[in-house]
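1. Just need the structure, nothing else, for what follows:
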Amino acid sequence: MRKAFLVTNVLGGVLLAATVARAGGEKDDIGTRPAGAPMVAEGALSKDDGGNPPPAKVIAPTPCVGPACAPSSDPQRDLVVAEDRPTNWYVLDAGLRTHRDTFIGLASLAAAQSRVERFYGVASLALIRNDAGSHFGLAQIGIGRNLSDEFGGLAQVSLGENRARYFYGLGQVTLGYNRSQEFVGALQLAGYNRADDSFGGALQLGGYNRAGGDFVGLAQIGGFNAQGKELFESHGDESTLWALGQFGVVNYANAFRGVVQVGAMSAAHDFSGGLQIGVVAGAETFSGIAQIGAATVSDRSYGGQIGLANLSFKQHTGLQVGGGNYAESMRGVQVGLANITDEASGVQIGVFNHARRLRGLQIGLLNHAEDGVLEWSPIVNMGFDEGPKQVGRR
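-> Predicted coordinates for the structure are as follows:
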């Protein structure tokens, strides 16, 4: 990891230790298939010689070999083969625990748990748990938990948890946890919001907002906002956040394309936009109007750095204004109590100015330039590209 992210990595590690644990599960199955839905094996419904249906069978899953079969947080279960196929239901459906193959109509109500493989209607309501393979309707409402492998409609609403592998609608709303693999809608509103692959919509609004892939929307607003496959690591990640901004205590984006990041800590690997604001504002590459904070940190910055300490470990092009400014290579203006650079092309203004190679002007109480007109000079010093004798001095 480059030096520019030492500060953000340390702070990020501390904050992540207190973050809600992320849900497990395979990438193509995030726990949204109808819970415990019996699957019918070929021949399971045939009757014996006496005309009676055979007893339920248990088929052990095929042994799995390879790295993909490492234990996960969700234990594997035996496959239960049903005695009877789930029935179809039309218009209205109600019961304690309902299990339907296809529902077409107005609404279904389960006092405990509802399972529907394919739902086409206005609303499904379950007081404890509401599961659907495909749910196309106005709303899926569960006091405890809503699960849909594919949801198309207005909203998933619950007190505890909403999950949809593919969500197309207005929003997921709960007090606890929202998760989608692909989300297309208006908002996710919960204590913890997560989109594994992509988020397309207006807002992720909650305590912890996470987009594992591309985020295209208005904003992430919460205590901790993050976009990217891994937190504070890039490793060839090409995902991008396109939004007005991130607003929270801690903000991180793999690639930020927007107007502003505002938080106690704002960080990005690649920032292209307007302002990055925080007590600590850091980016591997910053291109924008300005980084503003108590400490601004970058490898390469193009724009402004405004803070008590401004650090650009490789190259800075633009303006640095603060108590102390450092850039390995500076093209532009440094204004501060102490301005330090190896190569300066521009102007340094401060109490103390230092440059090994100076191509420009130093104005300050004490100026030092190893290849300047004067190596040490009060008030004013200048440097020009005048030949190998000056350039080679140490």
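
2. measure Q246 to Q305 for me?
-> Q246 sits 19 Å away from Q305, going by Cβ to Cβ, to the nearest Å. Any C-beta I mention is one placed from the backbone N, CA and C, and that applies to glycine too.

3. same thing with K229?
-> Distance from K229 to Q305, by Cβ to Cβ: 28 Å.

4. Next: E375.
-> Distance from E375 to Q305, by Cβ to Cβ: 27 Å.

5. now do S345
-> From S345 over to Q305 the distance is 17 Å, taken as Cβ to Cβ.

6. With neighbour numbers in mind, choose between E375 and Q305.
-> Q305 (30 against 13; other Cβ atoms under 10 Å).

7. Hmm, A295 and the more buried one touching each other?
-> No. Using Cβ atoms under 8 Å, Q305 makes no contact with A295, being 9.7 Å away.

8. biggest strand in this structure by residues?
-> strand 280-369 (DSSP state E).

9. I'd like the next helix or strand past that strand.
-> strand 376-383 (DSSP states H and E).

10. quick one: low-confidence ranges for this structure?
-> Scanning the chain for pLDDT under 70 picks out 1-29, 33-85, 385-394.

11. Specify the residue ranges that define each domain of the protein.
-> Listed domain ranges for the chain are 78-175, 279-394 (source: automatic domain parsing).

12. will you turn these into a markdown table that also has distance to E182?
-> A markdown table is the format used below for the domains of the chain (distance: least, Cβ to Cβ, whole Å):
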| stretch | distance to E182 |
| --- | --- |
| domain 78-175 | 5 |
| domain 279-394 | 28 |
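
13. Tell me which of those lies nearest to L189.
-> domain 78-175 (4.8 Å; Cβ to Cβ).

14. who's in contact with the most centrally placed residue in the chain?
-> By Cα atoms, centre = their mean, the mean C-alpha position of the chain lies nearest to Q227, the distance being 2.3 Å. With contact set as Cβ atoms under 8 Å, 6 or more residues apart in numbering, Q227 has these partners: 210-211, 215, 220, 239-241, 246, 252-254, 256.

15. cutoff 7 Å now
-> Neighbour list for Q227: 211, 215, 239, 241, 252-254 [criterion: Cβ atoms under 7 Å, 6 or more residues apart in numbering].

16. Strands of the stretch 151-300 of the chain, residue ranges please.
-> 161-173, 177-184, 187-200, 203-211, 214-216, 219-227, 241-262, 265-277, 280-369 (DSSP state E, counting those that start in this stretch).

17. same for the shortest one, what does it pack against?
-> In terms of contacts (3 or more Cβ pairs under 7 Å, 6 or more residues apart in numbering; DSSP states H and E), strand 214-216 is packed against strand 187-200, strand 241-262.

18. Can you tell me the strand partners of the shortest one and which way each runs?
-> Paired with strand 187-200 in the same sheet, following DSSP bridges, are strand 161-173 (parallel), strand 177-184 (parallel), strand 203-211 (parallel), strand 214-216 (parallel).

19. what residues does the last one touch?
-> Spelled out, that is strand 214-216. Contacts of strand 214-216 (Cβ under 7 Å, 6+ apart): 198-200, 227, 239-243.

20. so how many other residues sit close to L92?
-> 12.

21. Thought L106 was touching it, still the case?
-> Yes. Assessed by Cβ atoms under 7 Å, L92 is found in contact with L106 at 5.7 Å.

22. Identify each buried residue in stretch 211-221, please.
-> 211-215, 217-221 (16 or more other Cβ atoms under 10 Å).

23. Can I get those residues in a markdown table including distance to Y326?
-> Below are those laid out as a markdown table (distance: Cβ to Cβ, whole Å):
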| residue | distance to Y326 |
| --- | --- |
| A211 | 33 |
| G212 | 35 |
| G213 | 35 |
| D214 | 34 |
| F215 | 33 |
| G217 | 36 |
| L218 | 36 |
| A219 | 33 |
| Q220 | 31 |
| I221 | 34 |
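
24. which one of these is nearest L96?
-> Distances from L96 to the buried residues of stretch 211-221, taken by Cβ to Cβ, are shortest for G212, at 37.6 Å.

25. So that closest one versus Q246, what's the distance?
-> Taken as Cβ to Cβ, the span from G212 to Q246 is 15 Å.
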